[in-house]
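Engineer: I'd like to go over a predicted model; first the sequence, then the structure.
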2 protein chains.
Amino acid sequence: MSQSAASAPNPLLQLENQLCFPLYAVSRLVTKAYQPLLEELELTYPQYLVLLLLWEHGELSVKGLGEKLLLDSGTLTPLLKRLEQRGLVSRRRDARDERSVLIGLQPAGEVLRHKATCIPEALMAKFQLSPAEFEALRGQLNHLLNQLS
Amino acid sequence: MSQSAASAPNPLLQLENQLCFPLYAVSRLVTKAYQPLLEELELTYPQYLVLLLLWEHGELSVKGLGEKLLLDSGTLTPLLKRLEQRGLVSRRRDARDERSVLIGLQPAGEVLRHKATCIPEALMAKFQLSPAEFEALRGQLNHLLNQLS
DNA sequence: GCAAATTAAATTGTGAGCAATTAAATTTAT
DNA sequence: ATAAATTTAATTGCTCACAATTTAATTTGC
């Protein structure tokens, strides 16, 4: 009865029938697709996400960044310290609420923005998705994002 | 001209218009959705993926696991050593090719399979997606997975 | 048959992610 | 006014994830 190979396969337990695995794998592959582009800016993918937010919104607190990226200070604090050490962002306590730490862009961080403008389009090209496919996928992921967060 | 807030927004550089961010965020949220279920088995999510493959295929080499999960030995070796230490999997050199390490299930690892059968359905419930939505998303992610890998 | 090239794992070093805890500032309830 | 509760970051400890290198086994070309 019990052989060396797997017994009585439960189709629900098979990797290819699940949603979780392609999500996990695609997410990592997309990060890897960014890598050669981000390498030129010497940024990691989560560092790039932080800068995207700062370019868009200006100064943000650690809490604000965390709410938008769904990351906590345990992840953000060391990441932001690395960006600060490289002179890309500034960190200062909010005078109106000393608990908050406000993250701003230093000139070198502003300059990087120009180098980054071509990144989204370059990525789109790698995906090889039609605009309709792209929008459909984006919509479904955002729907699931709302479902889960 | 240059104000404290961000200047001349480039819509392509905005987080909400990109595919990458919801992918990254949903992937992490899905892993987190697994966590309370996997906690009962004392497994992390990537450890669970490894066991799914072993339950399905029986013995697999590190290379075989890596090909299916898109992970390399730098990630798998320490993970597999932890599973071995807990008595869930076995590791032995392939006699026919001493470069390969074959990963098999120990009895305790086989037993875990029964406890895991309910996990996929429990997850599906958390997603709150209709079967059609589920299949559409799975299809698009698998399409992108093929595009990128 | 043997040197060169290739392959498979392991190792090293860095940077996320995240749970849990700690410390300090602020808010609230009385 | 002040004690208790809450909020915000930082810290600690653990596990991925992955690039780059190393070591050993196998395959290939000659």
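Structural biologist: That came through fine.
Engineer: What residues of stretch A:83-97 count as buried?
Structural biologist: A:Leu83, A:Leu88, A:Val89 (16 or more other Cβ atoms under 10 Å in any protein chain shown). Glycine gets a C-beta too; all of them are placed from N, C-alpha and C.
Engineer: Please name the bridge partners of the last one.
Structural biologist: In this structure, A:Val89 has beta-bridge partners A:Leu105, where bridges are defined by DSSP bridges.
Engineer: tilt between the longest helix anywhere in chain A and helix B:20-39?
Structural biologist: Counting residues, the longest helix found in chain A (DSSP state H) is helix A:20-39. Relative orientation of helix A:20-39 versus helix B:20-39 (axes from the mean of the first three to the mean of the last three Cα atoms, to 10 degrees): 140 degrees.
Engineer: Can you identify the element that follows helix A:20-39 toward the C-terminus?
Structural biologist: helix A:45-57 (DSSP states H and E).
Engineer: Contacts (any at all) between chain B and the helix or strand following that next one?
Structural biologist: The C-terminal neighbour of helix A:45-57 among helices and strands, as given by DSSP H and E, is strand A:60-61. No. Applying Cβ under 8 Å from any Cβ of the partner chain, one finds strand A:60-61 separated from chain B by no less than 10.4 Å.
Engineer: Run through the neighbouring helices and strands of strand A:60-61.
Structural biologist: Helices and strands touching strand A:60-61, by 3 or more Cβ pairs under 8 Å, 6 or more residues apart in numbering or on different chains; DSSP states H and E, are strand A:97-105.
Engineer: Which single residue of chain A ends up nearest DNA strand C?
Structural biologist: A:Gly74 (2.8 Å; Cβ to the nearest atom of the strand).
Engineer: do the helix or strand encompassing that residue and chain B meet?
Structural biologist: A:Gly74 belongs to helix A:73-85 when assigned by DSSP H and E. No. Counting by Cβ under 8 Å from any Cβ, chain B is not contacted by helix A:73-85; separation bottoms out at 10.3 Å.
Engineer: List the contacts of that helix.
Structural biologist: Residues from elsewhere that reach helix A:73-85, judged by Cβ atoms under 8 Å, 6 or more residues apart in numbering or on different chains: A:46-47, A:50-51, A:62-63, A:65-66, A:69, A:89-91, A:103, A:109.
Engineer: what do you get if the cut-off is 7 Å, keeping everything else the same?
Structural biologist: Helix A:73-85 is contacted from outside by A:Pro46, A:Gln47, A:Val50, A:Val62, A:Leu65, A:Gly66, A:Val89, A:Ser90, A:Arg91, A:Ile103, using Cβ atoms under 7 Å, 6 or more residues apart in numbering or on different chains.
Engineer: That one: which residues count as buried?
Structural biologist: A:Leu76, A:Leu79, A:Leu80, A:Leu83.
Engineer: Are it and DNA strand D in contact anywhere?
Structural biologist: Yes. Legend: contact between helix A:73-85 and DNA strand D by Cβ under 7 Å from any atom of the strand is shown at A:Ser73, A:Gly74, A:Leu76, A:Thr77, A:Pro78, A:Leu80.
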